[in-house]
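[1] got a predicted model here, sequence first, then my questions.
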Amino acid sequence: MLDQRYFKYIKTIAQCHSFSKAAQILYISQPALSRFVKKVEDELGVSLFDRDTIPLGLTPAGERYLEYLDQFQSLEQEMYAEFSANATGQQNCLTIATLPLLGIYVLPKIIPDFAELYPSIDLHITECSSGEILKQLDDENVDLVLTNLKPAREEFAFRQLLRDPLLLAAPYDARMRRRFPGCAGNLNSPISIDLGELADETLIVLRVWQNMRIAADAACQHYGFTPRRVIEAPSLPTALSLVCSGQGITFICPSYVHCIQPQQPLIYFSLEEVQDMTDILAVYRKDTRKRCVSDFCRCATKKLGSDQR
């Protein structure tokens, strides 16, 4: 363990710019303090203080030494916090809140790799609507959340797990084949389009609390788009089935298409101005002491990134 005197004594001298003043604050004799510093300097082979300057100041080596001591202290605190959490069982459980669609189509891809890294850890997963999910983190009911929403709170950090752009899927029927010949099923190279060009189409949307519906409403508002007719579907597979049968168009993300695998060829359109609405994020508290949170994020980034290639 790091002897706290190393940090306390050297830092106090640096703050006071004086051995004698520091000795008074530390309640030790000035000769004893000087001997302590000389011993440290001899062990390191460098001078920590420039004794020829007035007031007394740190040498470059002394400044670097304090930086290292800061890092040692932080690591020591992190170690104690982690071992304490292990002792109380807190590290044996990871609680995750997820948006429903991410829970269905994204989370199952991540868990196997994470389970290999943490074979004994328990996972507690809950589904929340977009309006409630960050509140779960704020109330400290969960360790992290999977969402499309960037947090506004300073105490939250987030990691982008996957760029998952918002697309429009349309049936590749005779009408679409005439307008866009040879473009069916090209998910990796969607056609850039102004949403207004599809104003005569029926728009198939999900129910109001689902994240894809929120993204769809925001995109329509951004483009000033009002569809001719709306069909509200209970789930994404239902929405895509309706598209496949020629009933309309729907908003979709590539990660969902890979999982659902539509029954008929579709044509995909990109909306360049709203690309980041559906990026998949892991959000967690900056002050979390659970190493498994950052490890989960790393597993997710690696797995989702490899699936996208």
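    On my side now, so go ahead. Numbering: from 1, shown residues only.
[2] quick check: beta-bridge partners of L167?
    Note on L167: beta-bridge partners by DSSP bridges are I252, S270.
[3] tell me the spacing between it and I204.
    Look at L167 and I204: by C-beta to C-beta, to the nearest Å, they are 14 Å apart. For glycine as for every other residue, the C-beta is placed from the backbone atoms N, C-alpha and C.
[4] same check, this time on G103
    Counting by C-beta to C-beta, the gap from G103 to I204 is 21 Å.
[5] please say which of those two ends up with more neighbours.
    Between G103 and I204, I204 has the larger neighbour count (other C-beta atoms under 10 Å), namely 25 against 17.
[6] okay, and for the stretch 101-250 of the chain, where does confidence drop off?
    Scanning the stretch 101-250 of the chain for pLDDT under 70 picks out 182, 184-186.
[7] show the residue spans covered by the helices in it.
    Assigned by DSSP state H, counting those that start in this stretch, the helices in the stretch 101-250 of the chain fall at 107-117, 133-138, 174-179, 211-223, 236-244.
[8] all strands for the stretch 1-150 of the chain, in order.
    49-50, 57-58, 93-98, 122-127, 144-147 (DSSP state E, counting those that start in this stretch).
[9] deepest of those strands, which one?
    strand 144-147 (a mean of 26; mean count of other C-beta atoms under 10 Å).
[10] and the contacts of it?
    By C-beta atoms under 8 Å, 6 or more residues apart in numbering, the residues outside strand 144-147 that reach it are 94, 96-99, 102-103, 106-107, 128, 130, 133-134, 136-137, 161, 211, 280-284, 288, 293, 296-297.
[11] can I get it as PDB, trimmed to CA atoms?
    C-alpha atoms of strand 144-147 as PDB (Å, rounded to 0.1, in the frame of the first residue of the first chain):
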ATOM      1  CA  LEU A 144     -26.500   1.400 -17.200                       C
ATOM      2  CA  VAL A 145     -29.100   1.900 -19.900                       C
ATOM      3  CA  LEU A 146     -29.300   1.100 -23.600                       C
ATOM      4  CA  THR A 147     -31.000   3.900 -25.400                       C
END
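[12] note down every partner strand of that strand and its orientation.
    strand 93-98 (parallel), strand 280-285 (antiparallel).
[13] contacts only, for C128.
    By C-beta under 8 Å, 6+ apart, the neighbours of C128 are A97, T98, L99, Q136, V145.
[14] redo those residues as CSV? Include distance to P190.
    Output for the contacts of C128, formatted as CSV (distance: C-beta to C-beta, whole Å):
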residue, distance to P190
A97, 31
T98, 26
L99, 23
Q136, 33
V145, 28
